[in-house]
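*Asks:* sequence and predicted structure, then a few things I'm wondering about:
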Protein chains: 2
Amino acid sequence: MTAGGDPGQLARTATGAPGDLTITGFESLTFNYRSHVGRDVEGHGHPAPEHTATQRLTRVRTSAGVDGYCFGGSEETIEVARRLFIGMSPFDRELLHDKVAQGQRLEWRALNPRHVNTLDQALWDFAGRLTGLPVYKLLGGFRDKVAAYASSMCGDDIPGGLDTPEAYGEFARACVAQGYKAFKLHTWMPPYGPDLKRDIAACAAVRDAVGPEIKLMLDPHHNYTREEALYLGRALEELDFYWMEEPMPEYNVSSFVWLCENLTLPICGPETAEGGLYTRAEWILRGAADLSRTGVADVGGITPTMKCIHLCEAFGMRIELHGGGAGTLHALGAMRIPGEFYERGLLHPHVDFDAQKPWLKTPIDAIDSNGDIAIPQGPGLGEEIDWDFIKDNLVQDWH
Amino acid sequence: MTAGGDPGQLARTATGAPGDLTITGFESLTFNYRSHVGRDVEGHGHPAPEHTATQRLTRVRTSAGVDGYCFGGSEETIEVARRLFIGMSPFDRELLHDKVAQGQRLEWRALNPRHVNTLDQALWDFAGRLTGLPVYKLLGGFRDKVAAYASSMCGDDIPGGLDTPEAYGEFARACVAQGYKAFKLHTWMPPYGPDLKRDIAACAAVRDAVGPEIKLMLDPHHNYTREEALYLGRALEELDFYWMEEPMPEYNVSSFVWLCENLTLPICGPETAEGGLYTRAEWILRGAADLSRTGVADVGGITPTMKCIHLCEAFGMRIELHGGGAGTLHALGAMRIPGEFYERGLLHPHVDFDAQKPWLKTPIDAIDSNGDIAIPQGPGLGEEIDWDFIKDNLVQDWH
């Protein structure tokens, strides 16, 4: 009888016992890049003349001498994180989220989920970098790739852009030619819409362009009335659409219950409603959606996203993740209940999506000819940060 | 501007890239030990004359040269695991559970959750041993210790054992003197019961013995009628009990809904009902319990246990874990919603609980003078296996 292997072989190479590691600091740097995406009055992205934009990189430092990184974040988040989380174990993600939740009624309630997300992802990145494992393997892997859908920008008035129903059809056809097996329209929002009939015409043009085999989804103007949402949904049923998102304000939960009762078209939500895991639980209980929806940034990171996924698994309910990026891919790699798709975008005929993140050496979500995205295999989040690019475009160094 | 730390420092010390690691085998060994616990006709444990008992140790082997261990398991589980899981990534716990779920209607449905649990825990143990981290830190830590309750054996007819209500009172007083802040009675089951009035007398004797500050729980005969369960529950309300478990068969979900509606005493469940995460979701939806209940062994390991915990967090519901052991402690260390207690036992005045697992160099769940248990800090599950003891008592070597 022999004991196999060499338990803890990596532990002895770490700087100090893993259980004793602490968070020693939070820092960020900012750098410029050239962007081709601008924002309309509502904040939706559209093609824009090349201009300078600024990006932030958040860093958590640890006593291991190994750090974790996440793009995004804010100064105030880092200030709060320093006050609350320095000295904590960098593995105590549950404790971090508990402290955030405890503080939501206090003066630092400004720590919104989008920024908590950067702390959570940086801690997952640290754990992966320390151990050499991709985050989804730490979480417990299920798959190594996931199908993507092409997610269009909102409609506009740009000639040859997304200015007509026919333009959507042409763009969808181009996306399918690139490998995508599914396409989601964001149609015309203010100031370019809304226009119910035009939305339906765009959906019909896309179905006509891609044929019956491609899965199609719609994310329309999010302030339609009940009657408009129902009218839209029935048109999508005729066009064999796969789901519809948020045609009404998500605070009107009863309206979503009513819509689900009146449509066979699956309704996917909530997305923008606050309340993270709790709100998703209530939507399931109320029957306010057929598919649940969670965004890693929307709910505060990979940690709460996995809880939303587990909630949905408990009820045998599908859950589609909102938005893209490395953290989303790792959550998709670690989930049993699909999560059928990775949302790739937002895409537009005039924008080179792959060129939008010049701070990465390689795009994190390159699509293959089958329309699939590989779950990143590098340590942590698996982003290959282009330090030379950041250095060359530095606005403010680590501080 | 400098990039901090040395990303992936541990990755480079691993044998091969972590993403390429595979499961190379499943094995077990068996060994004897001297036990002082026997089973009655129903399978409940009681003190018994010293006798030889057999224990199994399950091992998962990996291409890393680092293995994972879990006590327990079965030959048939290992045979199924070899057929299905060799060649898989040892981090793909979600995929393993998916394959188990897919197969539940096939010929190997004999793979019951209690045995899947040994595979799941062995994989978590491997991940912790490889990285040098305790499992709860991989999961995301919340706390480093947890309060224990003393969980008694079932009633018996042993003089000075648990043979009278007064004997329970004396034993509870001794447990409180040892540090426990809470005590749970298992009362008389067949062939020693049931006896409704005697159960209540035992609960009253314990309350009288320990005073008003100690939290008390009851796990009585699990085949009482609705009326008996209600009668019992009202008596426990008078005695200020903290919860009651499973006074009726758990397939009678409606009876539990009815009981919850008619009592202020919290009802904790389900425990023995099959269906893991799904059954717990339905119980929450039905209002069949006030606190949820999950056992790491009952639902197939740490992985599904965490999903049950996340489900309960979504509904702001407490969840108490059934049974003890290393995996239970790690789940408790990684949960935000208590899980207020670790169930330590089963205890009896005539049995030395700490001496019951001579295959461990130190008890995994030693209680301190405050009544708390430390979450194990060693790599993986943190069990210090006494290889010399196992070698000296070997029945069958690794095979």
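*Replies:* Cool, the structure landed. Numbering: from 1, shown residues only, chains lettered A, B, ... in the order given.

*Asks:* for the nearest residue to A:Arg61 once chain neighbours are set aside, grab the count of nearby residues.
*Replies:* On the basis of CB to CB, 6 or more residues apart in numbering or on different chains, the spatially nearest residue to A:Arg61 that is not a chain neighbour turns out to be A:Gly25, at 4.0 Å. Bear in mind the C-beta positions are built from the backbone N, C-alpha and C, glycine included. A count of neighbours around A:Gly25, defined by other CB atoms under 10 Å in any protein chain shown, yields 16.

*Asks:* check contacts around A:Gly25.
*Replies:* If you count contacts by CB atoms under 8 Å, 6 or more residues apart in numbering or on different chains, A:Gly25 has them with A:Val60, A:Arg61, A:Arg82, A:Ile86.

*Asks:* in its sheet, what does the strand or helix carrying it sit against?
*Replies:* For A:Gly25, the host element (DSSP states H and E) is strand A:23-39. Strand pairing for strand A:23-39, using DSSP bridges, gives strand A:45-62 (antiparallel), strand A:394-396 (antiparallel).

*Asks:* so for the longest one, mean pLDDT?
*Replies:* Going back to what we said before, that points to strand A:45-62. Rounded to a whole number, the mean pLDDT of strand A:45-62 is 97.

*Asks:* got the buried residues for it?
*Replies:* A:Gly45, A:His46, A:Pro47, A:Gln55, A:Arg56, A:Leu57, A:Thr58, A:Arg59, A:Val60, A:Arg61, A:Thr62 (16 or more other CB atoms under 10 Å in any protein chain shown).

*Asks:* circling back: what is the nearest of the contacts of A:Gly25 to chain B?
*Replies:* The shortest gap between chain B and any of those belongs to A:Arg61, at 6.1 Å (CB to the nearest CB).

*Asks:* the closest one against A:Ser28, yeah?
*Replies:* No: the pair A:Arg61 and A:Ser28 fails to qualify as a contact (CB atoms under 8 Å) at a distance of 11.4 Å.

*Asks:* would you mind listing what in the stretch 51-200 of chain A touches chain B?
*Replies:* Contact residues (CB under 8 Å from any CB of the partner chain) of the stretch 51-200 of chain A with chain B: A:59, A:61-62, A:64-67, A:89, A:91-95, A:97-98, A:101, A:127, A:129-134, A:137-143.

*Asks:* for the stretch 201-350 of chain A, what lies in contact range of chain B?
*Replies:* Contact residues (CB under 8 Å from any CB) of the stretch 201-350 of chain A with chain B: A:277-278, A:280-281, A:285, A:303, A:306-308, A:310-311, A:313-316, A:334-336.

*Asks:* mind checking how far A:Leu239 is from A:Thr264?
*Replies:* The gap separating A:Leu239 from A:Thr264 is 13 Å, by CB to CB, to the nearest Å.

*Asks:* where in chain A is pLDDT low?
*Replies:* Residues of chain A that meet the criterion pLDDT under 70 lie in A:1-17, A:106-110.

*Asks:* domain boundaries for it, per the record?
*Replies:* The record's domain split for chain A, according to automatic domain parsing, is A:20-132+A:388-396, A:137-374.

*Asks:* for A:Met368, which non-adjacent residue is spatially closest?
*Replies:* One thing to correct before we go on: residue A:368 is Asp, not Met. Counting by CB to CB, 6+ apart, A:Gly179 is the residue found nearest to A:Asp368 once chain neighbours are left out, at 6.5 Å.

*Asks:* tell me the contacts of the one you found?
*Replies:* A:Ile367, A:Asp368, A:Ser369, A:Asn370, A:Gly371, A:Asp372.

*Asks:* how about the strands in chain A?
*Replies:* The residue ranges that make up the strands of chain A, judged by DSSP state E, are A:23-39, A:45-62, A:68-71, A:145-152, A:182-186, A:215-219, A:243-245, A:267-268, A:292-295, A:319-322, A:341-347, A:372-374, A:394-396.

*Asks:* residues near the closest residue to chain B within the stretch 51-200 of chain A, how many?
*Replies:* Here the stretch 51-200 of chain A gets closest to chain B at one residue, A:Gly132, 2.3 Å apart by CB to the nearest CB. Using other CB under 10 Å as the criterion, A:Gly132 is surrounded by 24 other residues.
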